[in-house]
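Participant: With the sequence up front, the predicted model follows.
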Amino acid sequence: MSSVEPLVAPIELSFDYTRSLGSTLGSFMTALAHRRIVGTRGSDGRVLVPPAEYDPITAAPLTELVPVADAGEVVSWTWVADPLPGQPFDRPFAFALIRLDGADTPMLHALDVASPAELRTGLRVRARWAAVPSGSIHDIACFEPADRPRVEQPATETHPDVTMITTPVRLSIEHSASIEETVYLQALEQGRLVGQRCPVCRKVYIPPRSACPTDGVPPGELVELPDRGVVTTFCIVNVPFLGQRISPPYVAAYVLLDGADIPFLHLILGCEAGEVRMGLRVEAAWRPREEWGPTLQNIEYFRPTGEPDAPYETYREHL
Ligand SMILES: [Zn+2]
């Protein structure tokens, strides 16, 4: 097995994180849409920008909004020589902590300068406002040195109060499968289900692990498993969500393949959601052969076989 070359694949995780802002941050974002910046006054009299919702000293809610200037000075900065996708610029720029006039705390934002040579602590800067407000932190396009001619933007319309924010979250990684996982995935590509047996406790794991979680030893022999088994536990999904590929209600269940000691999660289709039960005998519904790849998604779902239910005693140690 040591001659197996581990599979590697790019994986991109991304989702939009949508949340309500609450009154304090909602006021901050609404002010930005009108090209104004506000902070909150803390119990010690300091003006906190961006506004804190709760006092950093007493933890009491902060309610006094304080307008501050859209200009200030650089407190600290870092140079971004190789910007990543999604950052404010696609050319080198700085991220800076900027203390606005009237504020006691600095806020983080992008600073548009051509080189680090233009940067210093104490540099006077001001906000460059976005041409079209959106009610987000992006209404400040960036900060720029205050001695540059100001680019006048068209006047803004009245903007509705901002109550929600959507933040796209994206993470790109390169996943390297373990040797055991690679063997399992390559078998799937051939339509086979392969687990591994621990040489000590004799349990069969699918997908195989690099070590038995009970005994800590590397797995031993490969075990071919059938594509049928029993539903141990399940959940009926009734809640719609973004990116959902099947219309609810549908069933996600732990399926214990015959001969395996741990179940894996898969879909149960081919019957009414309400008919799925613990002990239900199921079999794999494979996708067409030409669609197979090194993935468990080759099995589109599991469906009832029509056999009598498995007695609870046969799977109670595998829940
Ligand atoms: Zn073991």
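Facilitator: Thanks, I have it.
Participant: Skipping adjacent residues, who's closest to the residue in the stretch 51-200 of the chain that the ion sits nearest to in space?
Facilitator: For the stretch 51-200 of the chain and the ion, the shortest gap (Cβ to the ion) falls at Cys198, measuring 3.0 Å. The C-beta positions use only the backbone N, C-alpha and C, and glycine is treated the same way. The shortest distance from Cys198 to any non-neighbouring residue, by Cβ to Cβ, 6 or more residues apart in numbering, is to Cys212 (3.9 Å).
Participant: before we move on, which element is that neighbour in?
Facilitator: For Cys212, there is no enclosing helix or strand under DSSP states H and E.
Participant: is it true that it touches Arg202?
Facilitator: No. Using Cβ atoms under 8 Å, Cys212 makes no contact with Arg202, being 9.9 Å away.
Participant: For the two, indicate the residue with more neighbours.
Facilitator: Per other Cβ atoms under 10 Å, whichever of Cys212 and Arg202 has more neighbours is Cys212, with 21 against 10.
Participant: List the contacts of the more buried one.
Facilitator: Residues in contact with Cys212 (Cβ atoms under 8 Å, 6 or more residues apart in numbering) are Cys198, Val200, Cys201, Lys203, Tyr205, Pro219.
Participant: Just the local confidence number for the residue nearest to Cys198, please.
Facilitator: Cys212 carries a pLDDT value of 93.
Participant: Repeat that for the one 5 residues further on.
Facilitator: Predicted confidence (pLDDT) at Val217: the value is 95.
Participant: Going forward, count from 483.
Facilitator: Sure thing, new numbering starts at 483, so read that last one as Val699.
Participant: Could you pull up the residues touching the nearest residue to it once chain neighbours are set aside?
Facilitator: Using Cβ to Cβ, 6+ apart and skipping the chain neighbours, the partner closest in space to Val699 is Val682 (5.6 Å). The contact partners of Val682, by Cβ under 8 Å, 6+ apart, come to Cys694, Thr696, Asp697, Val699.
Participant: can you check Pro574 too?
Facilitator: Pro574 is in contact with Trp561, Val562, Ala563, Asp564, Pro565, Ala596, Ser597, counting by Cβ under 8 Å, 6+ apart.
Participant: residues touching Gly756, list them.
Facilitator: Listed by Cβ under 8 Å, 6+ apart, the contact set of Gly756 reads Ile718.
Participant: Surely it forms part of a helix?
Facilitator: Yes. Judged by DSSP: H, G, I helix; E, B strand; the rest coil, Gly756 forms part of a helix.
Participant: per-residue confidence for it?
Facilitator: At Gly756, the predicted lDDT confidence score is 95.
Participant: In this structure, where is pLDDT below threshold?
Facilitator: 483-484 (pLDDT under 70).
Participant: Show me which residues of it sit near the ion.
Facilitator: Counting by Cβ under 5 Å from the ion, the chain comes close to the ion at Cys680, Val682, Cys683, Cys694, Thr696, Asp697.
Participant: picking that back up, what sits against the residue of the stretch 533-682 of the chain closest to the ion?
Facilitator: Val686, Tyr687, Cys694, Thr696, Asp697, Val699, Pro701, Gly702.
Participant: Thanks a lot, catch you later.
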